[in-house]
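Colleague: Let's see this in three dimensions:
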Amino acid sequence: MRPAYLDLAASGELEERIARAQVHLKGCDLCPRLCHGKLGREVTADEWADLMLGLQRRGCHNINIVTPSHVVPALLEALAIAAGNGLRLPLVYNTGGYDSVETLRLMEGVVDIYMPDFKFWDPDPATRFTGAPDYPDRARAAIREMHRQVGDLEIGSDGVARRGLLVRHLVLPEGLAGTAAVCRFLATEISPATYTNVMAQYHPAGRLERLGPLDRPVTHREYTEALAAARAAGLWRLDERNR
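Modeller: Coordinates of the predicted model:
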């Protein structure tokens, strides 16, 4: 399958998208944190393009960009260079789900596979554990936009994802993630065919007494109940391999 960004590169739209994105980069307002921080190691667009082309030469199935909101302008610039030099791999946008819809719209026609988390349904645990009371609202809006752009996940005959949305949901102790509500949202407001990875591997590291229920792993019963809730909601494409 031809990656979506090649059409934008050929039409000149990718260059226009880069210019729009650079405006946001100057103020660093690409993710909902709106931190305006200038942190991290600088990598030129040419260096990033070389990294992507190097992965293609090594036989990788895709280019997987992790937590990319704040580097979208640089990603677009690097992608234009890489596409012009032969990059033909699908682009995966791998994110925690705390994304700006405005930034995601810059990626329309660029991203082939969106892979967001949906961490919390309720604002109380989102505030307590991540300091982001708006996380649930942001995640819902982001996932709606992602699905609008790429639709349900398409998997080739070789078992490799080609295009679409894949949602990850980490089950937490005592139902803190709001699994049943998350699954109902996905099934009714996104699609019952949403490919959903229901994950059981939460494991606390260090002393977490102050975080209450998060000081222990998920029990087998809690995970089994989470899977039952997902099926009851109507989701049928469940990835349970992380049990």
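
Colleague: Look through every helix and strand of this structure and give the one with the lowest mean pLDDT.
Modeller: Lowest on mean pLDDT, DSSP states H and E among the helices and strands of the chain sits helix 13-27, with a mean of 75.

Colleague: Tell me the first helix or strand C-terminal of that one.
Modeller: The C-terminal neighbour of helix 13-27 among helices and strands, as given by DSSP states H and E, is helix 45-57.

Colleague: other SSEs contacting that following helix?
Modeller: For helix 45-57, the elements it packs on are strand 63-66, helix 72-84, judged by 3 or more C-beta pairs under 8 Å, 6 or more residues apart in numbering; DSSP states H and E. (Glycine included, C-beta is placed from N, CA and C.)

Colleague: just the angle between the helix or strand following the last one and helix 72-84, please?
Modeller: By that I understand helix 72-84. The element immediately downstream of helix 72-84 (helix or strand, assigned by DSSP H and E) is strand 91-95. Computed by axes from the mean of the first three to the mean of the last three C-alpha atoms, to 10 degrees, the angle separating strand 91-95 from helix 72-84 equals 160 degrees.

Colleague: Direction included, what does strand 91-95 pair against?
Modeller: strand 63-66 (parallel), strand 113-116 (parallel) (DSSP bridges).

Colleague: Quickly compare those strands and say which is most buried.
Modeller: strand 113-116 (a mean of 24; mean count of other C-beta atoms under 10 Å).

Colleague: Tell me how far that strand lies from the chain's centre.
Modeller: Going by C-alpha atoms, centre = their mean, to the nearest Å, the spacing between the C-alpha centre of strand 113-116 and its chain's C-alpha centre is 4 Å.

Colleague: Show me what counts as buried in the helix or strand just after it.
Modeller: Downstream of strand 113-116, the first helix or strand assigned by DSSP H and E is helix 123-130. Of the residues in helix 123-130, 125-126, 129 count as buried by neighbour count, 16 or more other C-beta atoms under 10 Å.

Colleague: which residues are contacting stretch 181-199?
Modeller: If you take C-beta atoms under 8 Å, 6 or more residues apart in numbering as the criterion, stretch 181-199 is touched by 118, 121-122, 140, 143-144, 147, 151-153, 164-171, 179, 223, 226-227, 229-230, 232-242.

Colleague: hmm, I was thinking of stretch 78-87
Modeller: With contact meaning C-beta under 8 Å, 6+ apart, stretch 78-87 is reached by 3, 5-6, 9, 14-15, 18, 45-46, 48-49, 52-53, 56, 63, 91, 110.

Colleague: can you check stretch 139-157 too?
Modeller: With contacts defined as C-beta under 8 Å, 6+ apart, stretch 139-157 is touched by 1, 93, 95, 97-101, 104-105, 107-109, 111-114, 116-120, 161-167, 185-186, 189-191, 193-195, 237.

Colleague: In ChimeraX, how would I pick out whichever of the residues you listed are buried, leaving the exposed ones unselected?
Modeller: Here is the ChimeraX selection string for the buried members of the contacts of stretch 139-157, based on 16+ other C-beta under 10 Å:
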select :93,95,97,98,99,100,104,107,108,109,111,112,113,114,116,117,118,119,120,161,162,163,164,165,166,167,185,186,190,191,193,194,195,237
